[in-house]
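S.K.: take this sequence and fold it.
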Amino acid sequence: MLLELLRRGTMSLVLLLALTSLIEAADAPAATNQLTAAEIGAGWVRLFDGNSMFGWSANNDVNWQVHEGTLQADTGKPGLLLTDVPFADFELRCDFHLEKGGNSGIFLRTPRNPKDPANDCYELNICDSHPNFGTGSLVGRQRPDTPVTGEGDWHRFHVTASGNKVVVAVDGKSVLTYLDQRPTPLKSGHIGLQKNAGKVQFRNIFLRPIGGQPLFNGKNLTGWHEVPGGKSDFKVTDGTIHVTNGAGFLETDGTWADFILQAQVRTNGPNLNSGIFFRAIPGTAKAPSNGYECQIHNAFKDGDRTKPVDFGTGAIYRRVAARKVVSSDNEWTTLTLAAAGPRIAVWVNGELVTDWVDTRKPHENPRKGLRLEAGYLSLQGHDPTTDLSFRNMTMFALP
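M.R.: All right, here's what the predicted structure looks like:
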């Protein structure tokens, strides 16, 4: 089409080259440990930021470290580096490099200290020399029909875990489809990177929750109700929940305890303040907002995004500040909020900004203490300047 316009004389060569460059940039793959804008919009998050082990913890004293954009280990007894957050149904992409003769793996839906990979987790093996379950196998369960090479060079796993089905691809080629037909298949757990024998490195570790329940149909507010006494105006506009004025709350009819929530939000003006409340007790005119609050506020101090104003987008308000303000006003932001027992984590545009454990004593009201019981979600209209839009809200239950 662009060449045809050039032939007709309706487009200059300079403009053609400029448009071509823009298209190529939009289609270009992301840099190492980075996601593209399209991937972020589709719900992918980075489990490893390329610079730190924020969001991870080891189950023993293996020498896990960050080196030149990789997570690596080479000494110590066999052990795991685990995500702090568990996941249920997901897509996972991960690049790995194992030295020849080594042994490693990626543990799926695992407890922190698995005892038997054939029963209490799914161990995706990396070991060409394993006598029974080589690279690409699920240890103790199933092996690829054709042997897979996984040592001595960089390779990529792409895993889909959905219900009792696990599908594995290596370097773009499907190698295994496993159905867990036991009466109680594994439903959720952590992602674990294993150091067993030899030096192992991991990078480009990305995950996307799948199988969620939409919370907003894009047409009306079915499944939601306004908390009495509020001043906010909640309307469905162009497939979004648009909230103006304040203060006020729009609350779900349903409740959730452990979950992953993904939502897109846009602040339609500078320095606006809002939030998504969760595990909340029912809102009333006198007490409309008694829940944990995932803060929405994109301002930061001194031109430094590591200095959020008022805790920052992705913070748990009044509890822990976001470590960085990733989002910007007047742009769509993808939030991923995980609540798993006392641990709460938030990704903003695919970047983990909050990883917090509520160590307070239990209390019915999350404003006053730890609440693990199911509660409502609510969207906040903060004040008369409120002007925000919400869309693509999806709930992923954590069994």
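
S.K.: model confidence score at the residue nearest the centre of the chain, please.
M.R.: Nearest to the geometric centre of the chain sits Val45, at 4.0 Å (Cα atoms, centre = their mean). Confidence at Val45, expressed as pLDDT, is 98.

S.K.: give the contact list for the nearest residue to it once chain neighbours are set aside.
M.R.: Ranked by Cβ to Cβ, 6 or more residues apart in numbering and with sequence neighbours excluded, the top spatial neighbour of Val45 is Trp347, at 4.4 Å. In this view, the C-beta of every residue, glycine as well, is placed from N, C-alpha and C. With contacts defined as Cβ atoms under 8 Å, 6 or more residues apart in numbering, the neighbours of Trp347 are Val45, Arg46, Gly314, Leu335, Thr336, Val353.

S.K.: who wins for neighbours among those?
M.R.: Top of the contacts of Trp347 by neighbour number is Gly314, holding 31 neighbours under the definition other Cβ atoms under 10 Å.

S.K.: ok, and for stretch 294-313, which residues are buried?
M.R.: Neighbour-count burial for stretch 294-313 flags Cys294, Gln295, Ile296, His297, Asn298, Ala299, Phe300, Arg305, Pro308, Phe311, Gly312, Thr313 (criterion: 16 or more other Cβ atoms under 10 Å).

S.K.: what about the last one, distance to Asp329?
M.R.: Right, Thr313. Distance of Thr313 to Asp329, computed by Cβ to Cβ, to the nearest Å: 10 Å.

S.K.: okay, and the common contacts of the two?
M.R.: Common neighbours of Thr313 and Asp329, counting by Cβ under 8 Å, 6+ apart, are Asn298.

S.K.: let's have the contacts of Trp347 in a markdown table, adding secondary structure.
M.R.: As requested, these are arranged in a markdown table below (DSSP: H, G, I helix; E, B strand; the rest coil):
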| residue | secondary structure |
| --- | --- |
| Val45 | strand |
| Arg46 | strand |
| Gly314 | coil |
| Leu335 | strand |
| Thr336 | strand |
| Val353 | strand |
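
S.K.: of the residues you listed, closest to Leu108?
M.R.: When these are compared for distance to Leu108 (Cβ to Cβ), Val45 wins out at 16.3 Å.

S.K.: and that closest one, how far is that from Pro209?
M.R.: 8 Å.

S.K.: and the chain, split by domain according to the record?
M.R.: According to automatic domain parsing, the chain comprises the domains 45-209, 213-397.

S.K.: spit out the residues that contact Val45 and Pro209 alike.
M.R.: Applying Cβ under 8 Å, 6+ apart, one finds that Val45 and Pro209 are jointly contacted by Thr336.

S.K.: before we move on, the earlier item: return the set of buried residues in the helix or strand hosting the residue nearest to Val45.
M.R.: Assigning secondary structure by DSSP states H and E places Trp347 in strand 343-348. Of the residues in strand 343-348, those buried by neighbour count under the rule 16+ other Cβ under 10 Å are Ile344, Ala345, Val346, Trp347, Val348.

S.K.: what comes into contact with stretch 350-360?
M.R.: Residues external to stretch 350-360 that are found in contact with it (Cβ under 8 Å, 6+ apart): 35, 39-40, 44-47, 49, 54-55, 84-85, 312-316, 319-320, 322-324, 326, 334, 336, 342-347, 368-370.

S.K.: in helices, which of those appear?
M.R.: Restricting the contacts of stretch 350-360 to those inside helices, with DSSP state H as the criterion, leaves Glu39, Ile40.

S.K.: count of neighbours near the residue nearest to Asp74 when sequence neighbours are not counted?
M.R.: Of all residues beyond its chain neighbours, the one nearest Asp74 is Lys199 (3.8 Å), with distances taken as Cβ to Cβ, 6+ apart. Other residues lying near Lys199 total 14 when counted by other Cβ under 10 Å.
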